[in-house]
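Provided below are the primary sequence and the corresponding predicted coordinates.
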Amino acid sequence: MSGKMTIAMLTAITPLVACTPGPPQYFGPQLAFVPGAADPAAINSVAYAARAAPPGGPGYLDTIKYIDDGVKYTDPYAQFFVSFDGQLCFRGLVNHQLAEFENYQTYWCMHPTAVNNVEALENDITHVGEVRLWCRHASPQCARRYGYPTFLNVTSDIGNSIVVQIVPFEQERSAIEYLVYLMGGNARGADPLQLMQPATPRLAP
């Protein structure tokens, strides 16, 4: 094989490798400008567990992991976490972004005390359930998108809700309501004594 042919092949492969998304890192360099003593790497801090779990109930960190597992079930690069400033954050297929355009450089966040209610939604197109976190009437447009802007997504950076694919969507709704309760919020319909029921996630064939 000639040297020119080898170089040509490597040149053709390099763009493909560069476009392949790797496992996302929390926030990434785009929040290096965060002022003060805030540490962008300090996710899921127990400092934001404002209420104790009821006897026999899942703990704060266990609930976060349950929700994170739910978003990763359909998208291994998706992520759920509590940010360094105490917001509920989702990264991945959020607010109807298209899979082929997702670069995992943005994420949507909402303060738990701003959550009014959480809906469990069936999706007849993808057959993957979703949850929608609605802002309170007194906190309109409380959802925020952070990260690098992309010309492929021209939607607003603020919204009155966050929609995310998650499995199993009904149990995950209860888990999100429960986490909101643990963090001092009161999502309508949340029952702090209603424990997350174990379920085997299943996708439609």
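That came in fine, so what should we check first?

any weak-confidence spans in this structure?
Across the chain, residues meeting the criterion (pLDDT under 70) sit at 1-41, 96-102, 149-154, 189-205.

can you pull out the helices in it?
Here the chain has its helices, by DSSP state H, at 3-19, 60-72, 169-182.

can you give me the strands for this structure?
Counting by DSSP state E, the chain has strands at residues 79-82, 88-91, 106-110, 115-121, 130-135, 143-147, 158-159, 161-165.

Packing partners of the third one?
Translated: strand 106-110. Contact partners of strand 106-110 among helices and strands, from 3 or more Cβ pairs under 8 Å, 6 or more residues apart in numbering; DSSP states H and E: strand 88-91, strand 143-147, strand 161-165. Any C-beta I mention is one placed from the backbone N, CA and C, and that applies to glycine too.

Adjacent strands (with direction) for the first one?
So the one you mean is strand 88-91. Applying DSSP bridges, strand 88-91 is found paired with strand 79-82 (antiparallel), strand 106-110 (antiparallel).

Of all the residues in the longest one, which ones are buried?
It refers to strand 106-110. By 16 or more other Cβ atoms under 10 Å, the buried positions in strand 106-110 come out as 106-110.

Any chance of the helices and strands packed on strand 106-110 in JSON lines with mean neighbour count and distance to residue 78 as columns?
Formatted as JSON lines, those follow (neighbours: other Cβ atoms under 10 Å; distance: least, Cβ to Cβ, whole Å):
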{"stretch": "strand 88-91", "mean neighbour count": "25", "distance to residue 78": "6"}
{"stretch": "strand 143-147", "mean neighbour count": "19", "distance to residue 78": "14"}
{"stretch": "strand 161-165", "mean neighbour count": "23", "distance to residue 78": "8"}
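
Could you export the ones you listed as TSV, including distance to residue 117?
Formatted as TSV, the helices and strands packed on strand 106-110 follow (distance: least, Cβ to Cβ, whole Å):
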stretch	distance to residue 117
strand 88-91	14
strand 143-147	14
strand 161-165	10
